[in-house]
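Trainee: Sequence and predicted structure are below.
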Amino acid sequence: MTQVLAETPPEAPLTRPRLGFLGVGWIGRHRMKAILETGAVEAAAIADPSPEMAAEAGRLAPDAKLVSTLDDLLDAGVDGVVIATPSAMHAEQSIQSLERGAAVFCQKPLGRTAAEVRAVLDAARAADRLLGVDLSYRFTEGMRRIREVVRSGELGRVYAVDLVFHNAYGPDKRWFYDPALSGGGCVMDLGVHLVDLALWTLDFPAVSGVSGKLFAGGEPLGKRPDRVEDYAVATMELETGATVRLACSWRLQAGCDAMISAAFYGTDGGAALRNVDGSFYDFIAERYHGTAGEMLATPPDAWFGRAAADWATRLAGGERFAPTAERLVEVARVLDQIYGR
């Protein structure tokens, strides 16, 4: 008798997470493109106050529904929301999304204060949903290599860190200059990356002290409630004994488009990331041995959308709330102290 084997039914196709994109200006649209290029997710809906911006983003995902509000995105039954709106809206919109069961990827800062960031973290934990923030410089090849060198112990005991981010232009949207909407000036816009890079690279040691000085238009900012800083210097003292110094600015007379660097000095060597020829996008990373050096990373490096793509890939892989998200509050606390609040 001939045995007839039953055919194995084909596996059901995996369902990709459906995303809503809230705010699709230049940054939001770029992150949307990077996310969709992973192939791990699909765009279900797009919302932006500008019909022109929404339509342009819609060309990246012709099947996505163009809607008006966050409520409309959430009503579409999305699994995640990508937020690229003014800073004042980030915490509230993130919490609203999380409470409706959607994961969140948000532009920095996640909140204007540590209290706002804490509220988002609590909502993410309660909902058990993946939370990501666009701390994009972590994803440069140069910083990844430097972090590996630092963590390996090759530099010995790291005791000094210097970070710089000077942007010759400054933001072109008015809300950046309103403290109530932005939460602060160049520190909130650029310094957040510097604080994060320092703590992330060093594996988040405890911060024992923070001091800062803020300027606006070349004068000390003081307690002006109507202005934000356009130049800042700050120092972080770490419980390891290390000192971190950072400086950031908008429209500094620096002779180039941007000055960006992150240098780590230890008892057995150093390592530094720096931008090339004033570029916002091209970086080299070097490892120092006394007066000699070796290259760790060079351009080109398509890093700009990696944070967003990483979040989308992890979401598609089923990841939920990660305790490492708590580090976001530590960064926000340092910013609060720089602002003296």
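Mentor: Yep, that arrived.
Trainee: use CA for all of it now, contacts and neighbours both
Mentor: Noted.
Trainee: so who does the spatially most central residue of the chain touch?
Mentor: For the chain, the residue sitting closest to the mean C-alpha position, by Cα atoms, centre = their mean, is residue 135 at 1.8 Å. Neighbouring residues of residue 135 by Cα atoms under 8 Å, 6 or more residues apart in numbering: 107-108, 193, 196, 307.
Trainee: Secondary structure added to these, as CSV?
Mentor: As requested, the contacts of residue 135 are exported to CSV (DSSP: H, G, I helix; E, B strand; the rest coil):
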residue, secondary structure
107, coil
108, coil
193, helix
196, helix
307, helix
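Trainee: What are the boundaries of the strands in the stretch 1-150 of the chain?
Mentor: Secondary structure of the stretch 1-150 of the chain, counting by DSSP state E, counting those that start in this stretch: strands at 18-22, 42-47, 65-67, 80-83, 103-106, 131-133.
Trainee: Tabulate those (CSV), appending mean neighbour count.
Mentor: What follows is the strands of the stretch 1-150 of the chain, written out as CSV (neighbours: other Cα atoms under 10 Å):
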stretch, mean neighbour count
strand 18-22, 27
strand 42-47, 25
strand 65-67, 20
strand 80-83, 28
strand 103-106, 27
strand 131-133, 23
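Trainee: Quick one: closest of these to residue 183.
Mentor: strand 103-106 (15.8 Å; Cα to Cα).
Trainee: which helices and strands sit right next to the closest one?
Mentor: strand 80-83, helix 87-99, strand 131-133, helix 306-316 (3 or more Cα pairs under 8 Å, 6 or more residues apart in numbering; DSSP states H and E).
Trainee: Any chance of these in CSV with distance to residue 214 and mean pLDDT as columns?
Mentor: Shown next, in CSV, are the helices and strands packed on strand 103-106 (distance: least, Cα to Cα, whole Å; pLDDT from 0 to 100):
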stretch, distance to residue 214, mean pLDDT
strand 80-83, 29, 98
helix 87-99, 20, 97
strand 131-133, 25, 98
helix 306-316, 29, 98
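Trainee: just the ones you listed: most buried one?
Mentor: Across these, the average number of neighbours (mean count of other Cα atoms under 10 Å) peaks for strand 80-83, which reaches a mean of 28.
Trainee: Sheet partners, orientation included, of that one?
Mentor: strand 18-22 (parallel), strand 103-106 (parallel) (DSSP bridges).
Trainee: among the ones you listed, which is nearest residue 292?
Mentor: strand 103-106 (40.5 Å).
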